[in-house]
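Chemist: can't give you the sequence, but here's the structure:
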């Protein structure tokens, strides 16, 4: 049985996604932040999560949170990580974070107990 991966990224033509599928992984592509939180928290079968930091703001957040906490989508992945934190710790699921941003963003991810791989 192949490893099951939750791939959370709003970009549908991701090279990473295609590489994982081509390598034989069972990849569940999730393009919406709210769906990501719900699916990951309810589905115990994921072996790994690949999470993009920059995604559209989820519809479930207030206008204030969207502007000041998520910074217009700049930190949506961190919001997702915080919402699934209990699930990933309880199930011991590794999370790989995708980002092309600055060290401030990496510091925020690290504060959510991520491990940096250079």
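Modeler: The structure has been received and is ready for your questions. Treat the numbers as computed from the prediction; the structure is a model and nothing was measured.
Chemist: so for residue 29, what's the pLDDT?
Modeler: At residue 29 the predicted local confidence, pLDDT, stands at 95.
Chemist: quick one: the helices in the protein, in order.
Modeler: Taking DSSP state H as the criterion, the chain carries its helices at 15-22, 33-42, 63-68, 76-91, 103-111.
Chemist: want to throw those into a markdown table with mean neighbour count and distance to residue 52?
Modeler: All C-beta spots, glycine's among them, are computed from the backbone N, C-alpha and C. Listed next are the helices of the chain as a markdown table, based on neighbours: other C-beta atoms under 10 Å; distance: least, C-beta to C-beta, whole Å:
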| stretch | mean neighbour count | distance to residue 52 |
| --- | --- | --- |
| helix 15-22 | 13 | 9 |
| helix 33-42 | 18 | 10 |
| helix 63-68 | 12 | 17 |
| helix 76-91 | 18 | 6 |
| helix 103-111 | 14 | 11 |
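Chemist: closest to residue 57 out of these?
Modeler: Nearest to residue 57 among these is helix 63-68 (4.4 Å), distances taken as C-beta to C-beta.
Chemist: what helices and strands are in contact with that closest one?
Modeler: If you count contacts as 3 or more C-beta pairs under 8 Å, 6 or more residues apart in numbering; DSSP states H and E, helix 63-68 packs onto no helix or strand.
Chemist: if we can go back for a sec, mind putting the helices of the chain in TSV, distance to residue 7 and mean pLDDT included?
Modeler: Shown next, in TSV, are the helices of the chain (distance: least, C-beta to C-beta, whole Å; pLDDT from 0 to 100):
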stretch	distance to residue 7	mean pLDDT
helix 15-22	5	87
helix 33-42	10	95
helix 63-68	24	77
helix 76-91	12	88
helix 103-111	17	59
